[in-house]
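Engineer: sequence unknown, structure follows:
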């Protein structure tokens, strides 16, 4: 029924730096017909970043207003991509909207994952079915609700000749382990860009260290790095997932107040190295046979982060998904378009070997056109 139709995928990651939107057709390999990132208005983006701190609370009315505002921003992004579909005379089956995560706390006794961006607004504006709320069914089945894209990573980037890993460098980093002789595994490793971005906002009032220039001028402070890496979360066994409410700047400053006593560039370099070390240690512990690390997400655009990963893992080929014909900025948006298709067609979207759920589940809820 949907073999020739296109799908729209929407997501704003834990960095809250904008909405990634794609128009994609699956043949079954993804054919991206349009892709664009839509920046949040500066005030809204700042509010979302502040809400990512674990000690921030909102009144119910403030939460509802934020849900509406983010929903409108997602609807506008979807409308723009839908216009591209109309220009290309491509029919769209449905929209998959991940939304914007505010909290992700998968630990018992009351695990939850909270995304905002009212999908009703998207359905109303675009007059298309919207699939949203992808994480909570997996959590209801005892899973972590994350990561959800290893199934797509395996389909697009797996190999019968070598053990590989796919690394998503968003606000939080996660690994998908693609072994030639074992089930797919996947888990969060800790911060990727979240702490670095928060430090830049606190120190220089900039959204990120574009190009890694400031971190390159600094040197990681070894003792501070050891203190941060001593958090027991890094040693926790998979399945595991996290979010900005776990790895936020107050977490780093509470554990290592000396961050404010060294130069700002050294502090940033230390936070960058924290991302590198936590990723490398997790990969070496869980898949020492890995031969190739394929990275996607916003962190790919930070050459210092990519260089330090390659230096830390010299035995691996470290590269971007671009080397495999997939734009690293839009892998997650493609993934949520793929998950929307799976939901509409009644197929499971989770991998129990990754999330720890009791079994495969059809994910998400459909909001009719």
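Structural biologist: Perfect, thanks for sending it. Keep in mind that this is a model prediction, so the values were computed, not measured.

Engineer: And the host helix or strand of residue 311, what's buried?
Structural biologist: Using DSSP states H and E, the element containing residue 311 is helix 303-312. Burial within helix 303-312, assessed by neighbour count using 16 or more other CB atoms under 10 Å, is assigned to 304-306, 308-309, 312. Glycine gets a C-beta too; all of them are placed from N, C-alpha and C.

Engineer: ok, now stretch 234-246?
Structural biologist: Counting neighbours by 16+ other CB under 10 Å, one finds that the buried residues in stretch 234-246 are 234, 238-246.

Engineer: cool, and stretch 72-89?
Structural biologist: So, applying 16+ other CB under 10 Å, buried residues of stretch 72-89: 72-75, 77-78, 81-82, 84-85.

Engineer: Now do the end-to-end distance for stretch 356-369.
Structural biologist: End-to-end distance for stretch 356-369, by CA to CA, to the nearest Å: 33 Å.

Engineer: List just the nearest of the buried residues of stretch 72-89 to residue 17.
Structural biologist: Proximity of these to residue 17 (CB to CB) peaks at residue 73, which lies at 12.5 Å.

Engineer: wait, what's in contact with that closest one?
Structural biologist: Going by CB atoms under 8 Å, 6 or more residues apart in numbering, residue 73 touches 19, 38, 40-41, 44, 117.

Engineer: and the two most separated of the residues you listed?
Structural biologist: Farthest-apart pair in the contacts of residue 73 is 41 and 117; separation 14.2 Å (CB to CB).

Engineer: out of the two, which sits in the more crowded spot?
Structural biologist: residue 117 (27 against 10; other CB atoms under 10 Å).

Engineer: Which elements pack onto the helix or strand bottoming out on mean pLDDT in the chain?
Structural biologist: The least trusted helix or strand in the chain, going by mean pLDDT, DSSP states H and E, turns out to be helix 42-51, with a mean of 87. Packing partners of helix 42-51 (3 or more CB pairs under 8 Å, 6 or more residues apart in numbering; DSSP states H and E): helix 60-87, strand 92-105, helix 194-204.

Engineer: and the second one, how far from the chain's centre?
Structural biologist: What that stands for is strand 92-105. How far strand 92-105 lies from its chain's middle: 11 Å, per CA atoms, centre = their mean, to the nearest Å.

Engineer: For it, which strands pair with it and how are they oriented?
Structural biologist: Strand pairing for strand 92-105, determined by DSSP bridges: strand 6-12 (parallel), strand 112-116 (antiparallel), strand 130-132 (parallel).

Engineer: so where is the stretch 1-150 of the chain shaky, pLDDT-wise?
Structural biologist: Scanning the stretch 1-150 of the chain for pLDDT under 70 picks out the ranges 1-3, 54.

Engineer: Check the contact between residue 49 and residue 14; I expect there is one.
Structural biologist: No - taking CB atoms under 8 Å as the definition, residue 49 is not a contact partner of residue 14, at 9.8 Å.

Engineer: Break the chain into its domains for me.
Structural biologist: Taking automatic domain parsing as the reference, the chain has its domains at 6-145+330-367, 150-324.

Engineer: Tell me which stretches of this protein form helices.
Structural biologist: 42-51, 60-87, 119-126, 136-140, 150-157, 194-204, 213-217, 222-229, 249-255, 264-286, 303-312, 331-344, 352-355 (DSSP state H).

Engineer: Could you save the buried residues of helix 303-312 as TSV and add columns showing distance to residue 275?
Structural biologist: TSV is the format used below for the buried residues of helix 303-312 (distance: CB to CB, whole Å):
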residue	distance to residue 275
304	11
305	7
306	11
308	9
309	9
312	10
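
Engineer: For residue 159, grab the count of nearby residues.
Structural biologist: By other CB under 10 Å, the residues close to residue 159 number 13.

Engineer: which stretch among the helices and strands packed on helix 42-51 comes nearest residue 341?
Structural biologist: The nearest among these, by CB to CB, is strand 92-105 at 7.1 Å.

Engineer: mind putting the contacts of residue 73 in a markdown table, distance to residue 218 included?
Structural biologist: Below are the contacts of residue 73 laid out as a markdown table (distance: CB to CB, whole Å):
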| residue | distance to residue 218 |
| --- | --- |
| 19 | 31 |
| 38 | 32 |
| 40 | 28 |
| 41 | 31 |
| 44 | 30 |
| 117 | 36 |
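
Engineer: What is the nearest of the residues you listed to residue 58?
Structural biologist: residue 44 (13.8 Å).

Engineer: Excluding chain neighbours, what is closest to that closest one?
Structural biologist: Nearest non-adjacent residue to residue 44, counting by CB to CB, 6 or more residues apart in numbering: residue 69, 6.0 Å away.

Engineer: burial count for that neighbour?
Structural biologist: 20.

Engineer: is it true that it touches residue 45?
Structural biologist: No - with contacts counted by CB under 8 Å, residue 69 stays clear of residue 45, the gap being 11.0 Å.

Engineer: So for the closest residue to residue 347 other than its chain neighbours, what's the pLDDT?
Structural biologist: Spatial nearest neighbour of residue 347, excluding adjacent residues (CB to CB, 6+ apart): residue 362 at 6.8 Å. We have a pLDDT of 98 for residue 362.
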